[in-house]
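Enquirer: quick one: sequence plus predicted model below, questions after.
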Amino acid sequence: MAKYVVALDQGTTSTRCMIFNRGGETVANHQLEHEQICPRAGWVEHDAMEVWKRTKDVIHAATEKAGLIARDIAAIGITNQRETTVVWDKKTGQPYCNAIVWQDTRTDKICNQLSENGGQDRFRPKTGLPLATYFSGPKIKWMLDNVPGLREAAERGDALFGNMDTWVIWKLTGGPGPEAAHVTDVTNASRTLLMNLETLDWDDEILAELGIPRSMLPQIRPSSDPEFYGLTRSGGPFGGEIPVCGDLGDQQAATVGQTCFEVGEAKNTYGTGCFLLLNTGNEIVHSKHGLVTTVCYQLGKEKPVYALEGSIAIAGALVQWLRDRMRLINTSADVENLAKMVEDNGGIYFVPAFSGLFAPYWRSEARGLIIGMTRFITRGHIARATLESTAFQTREVVDAMQADSGVTLSTLKVDGGMTANELLMQIQADILGVPVIRPKVSESTALGAAYAAGLAVGYWKNIDDLKKNWAVDKTWQPSEDDTLRTKNYHMWKKAVSRTFDWLED
């Protein structure tokens, strides 16, 4: 009997293979970064072939560390950076161009043109999403309009679209080849601006409006599918046939990994961006305060579960920017020690609107700023303001979520790489005024993908088995000093307002 479940976590900056046992414990893992390609201001791309190479490399490394072969693995789950858009030739398996990353803002004119007839929320009743550069649909349209020969290939049926989950599954199951599975799950499909939340199918009226051939799009399947999306090929990186049967967008995967299965339960993931999801059950709740409505997960033939989501574009990416672009730190972990050198932010605020502002503003014309600078400011203050920016953005989303749902947050479950930064977690508790709780397995995204796959093959019987695995690692209590959540939060909101309307065209 197979002993383990594998999760492939294809993220914005890296790809990871994690192997889990029945207790939800990590047996082995391996992670590799890939290049962030920024050909011009506002453009962010990935080389999908490089991502696939990294995927194969991490599979080989993780399985070798654990000493596993194909028959030891019960199932494979995929989780991925959402909205990042790949279009490739189904005959050759070669992408027509670099993948357009979710942070990319080149589709702002397309979104503005679509907004002229019906406003930014014209598709929200069907999709739960505003018109924004964030989502996949406008990125597909941009590719069709700008990549030579692509529209003709799409109309011939030769071009396939997918977010990164679709790309990885297609390659794992033999693409290019007759057995390759061109599929996605309901959570990823709900991030394209093309899927109807009620029917869980592509919406023909929106496809016509964007000029996207339906033949490009993958089949939409449950997040945990007992019928399997496909099997890995014997000549592939796993060296044998294994069911690929779990698929969740990264933030929904983290929600499953945190076992937020009850209505009103919420989690926040601190990664490249920052994403807060609130389980709303089988009810589609449309936001009036700048959040998006999304599919949270669908297990087999059960009804889909929906969520309200607050999406923040830049969180860990700001630390990476300090490291790679500004050379202010040598490693991402250095930011915590640097920030500890000062007692507060020294009066400066860092609004990282590098890709515009996402929730709750949805202002694509906004751009980042550091405000409040004086000669007193040091590197430590900039590091501190960097961490505070993530916590302040989360507070804005929490406020919007409470206004939409009427649910008052009593605690916040957190996960993701940035939760290793204990100063940030304390700052977050202070700004929210509620305890912040980190689970023992902080990489909840990969664990959620493993859970989805394991449920599909009976490795775990039901969600009660998953709940038994969840355990607290550490809790941060809010400080009695309310300066961060009152005076400083007021100044943060003032700083955010200064980023509006920066781009005039």
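Expert: Good, I have the coordinates. Numbering: from 1, shown residues only.

Enquirer: pLDDT averaged over stretch 394-408, what's the number?
Expert: Stretch 394-408 comes out with an average pLDDT of 90.

Enquirer: then it to PDB, C-alphas only?
Expert: Output of stretch 394-408 as PDB, limited to C-alpha atoms (Å, rounded to 0.1, in the frame of the first residue of the first chain):
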ATOM      1  CA  THR A 394      -4.000  42.900   6.000                       C
ATOM      2  CA  ARG A 395      -5.800  45.200   8.400                       C
ATOM      3  CA  GLU A 396      -7.500  46.900   5.500                       C
ATOM      4  CA  VAL A 397      -8.700  43.600   4.100                       C
ATOM      5  CA  VAL A 398      -9.900  42.400   7.500                       C
ATOM      6  CA  ASP A 399     -11.900  45.600   7.900                       C
ATOM      7  CA  ALA A 400     -13.600  45.100   4.500                       C
ATOM      8  CA  MET A 401     -14.300  41.400   5.300                       C
ATOM      9  CA  GLN A 402     -16.000  42.200   8.600                       C
ATOM     10  CA  ALA A 403     -18.100  44.900   6.900                       C
ATOM     11  CA  ASP A 404     -19.200  42.400   4.200                       C
ATOM     12  CA  SER A 405     -19.800  39.300   6.400                       C
ATOM     13  CA  GLY A 406     -20.700  40.800   9.700                       C
ATOM     14  CA  VAL A 407     -18.200  38.400  11.300                       C
ATOM     15  CA  THR A 408     -15.900  39.900  13.800                       C
END
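
Enquirer: contacts for that stretch next, please.
Expert: Residues outside stretch 394-408 that contact it (Cβ atoms under 8 Å, 6 or more residues apart in numbering): 264, 266, 268, 274, 276, 278, 280, 285, 287-291, 308, 310, 312, 359-360, 409, 412, 428, 431-432, 485, 489, 493, 496. (C-beta placed from N, C-alpha, C; glycine too.)

Enquirer: that one: how far from the chain's middle?
Expert: What separates the centre of stretch 394-408 from the centre of its chain is 20 Å, taken as Cα atoms, centre = their mean, to the nearest Å.

Enquirer: got the buried residues for that stretch?
Expert: 394-401, 404-405 (16 or more other Cβ atoms under 10 Å).

Enquirer: before we move on, what about stretch 452-472?
Expert: Quick answer for stretch 452-472 (16+ other Cβ under 10 Å): 452-457, 459-460, 465-466, 469-470.

Enquirer: need the distance between the two termini of it.
Expert: By Cα to Cα, to the nearest Å, the extent of stretch 452-472 from end to end equals 21 Å.

Enquirer: contacts for that stretch next, please.
Expert: Contacts of stretch 452-472 (Cβ under 8 Å, 6+ apart): 2, 5-7, 20, 22-24, 74-77, 223-226, 228, 243-248, 253, 256, 258-259, 261, 297, 299-300, 437-441, 451.

Enquirer: the closest residue in space to Asp47 that isn't next to it in sequence - how many residues pack around it?
Expert: Residue nearest to Asp47 in three dimensions, not counting chain neighbours: Asn98, with 5.8 Å by Cβ to Cβ, 6 or more residues apart in numbering. When neighbours are defined as other Cβ atoms under 10 Å, Asn98 has 20 of them.

Enquirer: which residues touch Asn98?
Expert: 37, 45-48.
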